[in-house]
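A.B. asks: Show me how the following folds:
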Amino acid sequence: MYLPQKTPIDEVIATLKKDPDCAAPKAESDRDAKERLQEALKNAIAHLKLQGAIPENGLALFARAFEASSENDEALGVEEVAPPEPITAYLYQIDDHFHLEPLRDMLRNQKVVGFIALDSKEASFGELNGEQLESIENITSGISGKSGKGGSSQRRYERERDMAVTNFFHRVADHAAKAFLENQQVTALIVGGPGQTKEDFLKGDFLHYELANAVLSTVDTQSAGKEAVREMLEKSAEVRQNMCAPDERRIVQRLLAAVAKQDGLAIYGLDPVLDTLRNGEVEVALVTDSTDKLEIVAVCKKCSLSKEEIVETARKVHVVQEMISQPCARCGAVDYELEEKDIIDVLEDLASQTNARVEVISTDSAEKAHLTALSGFAAILRYRPHK
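C.D. replies: Got it, this is the predicted structure:
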């Protein structure tokens, strides 16, 4: 179940109390399956009664009943997940697997952009999380305007003012580190403000190196006050649309360089990536978030022999029908337990076995376009594979 914040818990419980037979999958029409389904729903109802209120971002609830390791025993469970972003649509689904796509989409699309607008008098900080813009804070420098004095007094004043501006830049950098590294890890940073001050700030290496590497662009604004953050949001729309996180950009550029060298340290295509992952040759696997592939696993209920196939999501039903219509190669039975995995989860499971890692390129960018042209799957290898 995916429940938005304002969903009445009483109505949800009433829905769960209805006869579940009509919602049960055809493959689970036997008595044991129905009993497991009823027990799972009872546990979900009990969990919701203790909930009190649905959290601000909503609630994802997963109830299950499955065979435990001990003989003739049932293991029951209810898992509650606090989503990273607000759930906007109610979903109630009974199936032979959990539907995790809404949560996966939240995680893959979670891009946070930080904004700093500054001049010599003030600085404002803001944050764009998804579609929500939040003004964080505004600080002032206490520095007065330029003096009209002349001679040595003017030079002394300018030195003192330069020192004050430098100290203010350090304060801005400290506030940025707290806002964009400690409180929230930003994907990209945009720096704005009127005049030359923003460029002086960036050239001075005041920012923490992680934030300096995350700077996406600079924007000219009318002021450095709180209203400047919204002005920066509007003026940066095009560059944000095509932004790629610094880590994503670097790893794709590294892949492309290895492909161009033809030194054997880069491969692409789903099958080669899977093979090298299984052999422990991969340092990092790269995949776009729009590959739209699943692994279907059919496990014989009689002898536990499994067979799997990776398919396009659109062909899932056709392939499943073919798999379950063919007798088991070991015992001849035609009764299967079906499982499915998103292809990214398949890659991550294989990578975890050899301390490799998987980078999901999720931003519409030139880097994603390059990886898509290489089939959407690629890998940088630890060493040249033996032939």
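A.B. asks: how about low-confidence regions in this protein?
C.D. replies: 19-30, 66-76, 105, 107-110, 145-152, 241-246, 363-364, 386-387 (pLDDT under 70).
A.B. asks: Can you spell out the domain ranges of this structure, please?
C.D. replies: With domains defined by automatic domain parsing, the chain comprises 2-108, 112-243, 247-381.
A.B. asks: Make TSV from those domains and add mean neighbour count to it.
C.D. replies: For glycine as for every other residue, the C-beta is placed from the backbone atoms N, C-alpha and C. Shown next, in TSV, are those (neighbours: other C-beta atoms under 10 Å):
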stretch	mean neighbour count
domain 2-108	14
domain 112-243	17
domain 247-381	16
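A.B. asks: For this protein, just list every one of the helices.
C.D. replies: Taking DSSP state H, the helices of the chain run over residues 9-17, 31-49, 101-108, 151-177, 197-203, 209-214, 226-235, 237-241, 246-261, 270-278, 316-325, 343-352, 366-373.
A.B. asks: so which of the ones you listed gets nearest residue 188?
C.D. replies: Among these, the nearest to residue 188 by C-beta to C-beta is helix 209-214 (5.4 Å).
A.B. asks: Quick one: list the elements packing against that closest one.
C.D. replies: helix 151-177, strand 188-193 (3 or more C-beta pairs under 8 Å, 6 or more residues apart in numbering; DSSP states H and E).
A.B. asks: 10 Å instead, please
C.D. replies: strand 112-118, helix 151-177, strand 188-193, helix 246-261 (3 or more C-beta pairs under 10 Å, 6 or more residues apart in numbering; DSSP states H and E).
A.B. asks: My read is that residue 274 contacts residue 379, right?
C.D. replies: Yes. Here residue 274 reaches residue 379: they are 9.5 Å apart, a contact under C-beta atoms under 10 Å.
A.B. asks: so what sits against both of these two?
C.D. replies: 282, 285, 347 (C-beta atoms under 10 Å, 6 or more residues apart in numbering).
A.B. asks: What is the nearest of those to residue 359?
C.D. replies: residue 285 (7.2 Å).
A.B. asks: ok, the closest one - contacts?
C.D. replies: Contacts for residue 285 (C-beta under 10 Å, 6+ apart) come out as 267, 273-274, 276-277, 344, 347-348, 350-351, 356-360, 377-381.
A.B. asks: now do residue 132
C.D. replies: 85-86 are the contacts of residue 132 under C-beta under 10 Å, 6+ apart.
A.B. asks: That one pairs with what?
C.D. replies: Here residue 132 sits in beta bridges with residue 129, as judged by DSSP bridges.
A.B. asks: cool, and residue 193?
C.D. replies: Counting by DSSP bridges, residue 193 is bridged to residue 220.
A.B. asks: ok, so what distance separates it from residue 120?
C.D. replies: 9 Å (C-beta to C-beta, to the nearest Å).
A.B. asks: what touches both of the two?
C.D. replies: In contact with both residue 193 and residue 120: 201, 224, using C-beta under 10 Å, 6+ apart.
A.B. asks: Wait, residue 230 touches residue 223, no?
C.D. replies: No. Using C-beta under 10 Å, residue 230 makes no contact with residue 223, being 11.2 Å away.
A.B. asks: wait, which of the helices of the chain is closest to residue 295?
C.D. replies: Between those, helix 343-352 lies closest to residue 295; by C-beta to C-beta that is 4.9 Å.
A.B. asks: Pull out the CA atoms of the closest one and give them to me as PDB.
C.D. replies: The C-alpha trace of helix 343-352 is given here as PDB (Å, rounded to 0.1, in the frame of the first residue of the first chain):
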ATOM      1  CA  ILE A 343      17.600  -5.200 -14.000                       C
ATOM      2  CA  ILE A 344      19.300  -2.600 -11.800                       C
ATOM      3  CA  ASP A 345      18.700  -4.700  -8.800                       C
ATOM      4  CA  VAL A 346      20.200  -7.700 -10.700                       C
ATOM      5  CA  LEU A 347      23.400  -5.700 -11.400                       C
ATOM      6  CA  GLU A 348      23.600  -4.500  -7.800                       C
ATOM      7  CA  ASP A 349      23.200  -8.000  -6.400                       C
ATOM      8  CA  LEU A 350      26.100  -9.300  -8.600                       C
ATOM      9  CA  ALA A 351      28.200  -6.200  -7.900                       C
ATOM     10  CA  SER A 352      27.900  -6.700  -4.100                       C
END
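A.B. asks: Name the surrounding residues that touch it.
C.D. replies: For helix 343-352, using C-beta under 10 Å, 6+ apart, the contacting residues are 100, 104, 108, 270, 273-274, 276-278, 280, 282-289, 291-295, 297, 308, 310-311, 313, 341-342, 356-358, 360, 376-377, 379.
A.B. asks: gap between the closest residue to residue 195 other than its chain neighbours and residue 186?
C.D. replies: Among residues not flanking residue 195 along the chain, residue 119 sits closest, at 6.4 Å (C-beta to C-beta, 6 or more residues apart in numbering). Distance, residue 119 to residue 186, using C-beta to C-beta: 22 Å.
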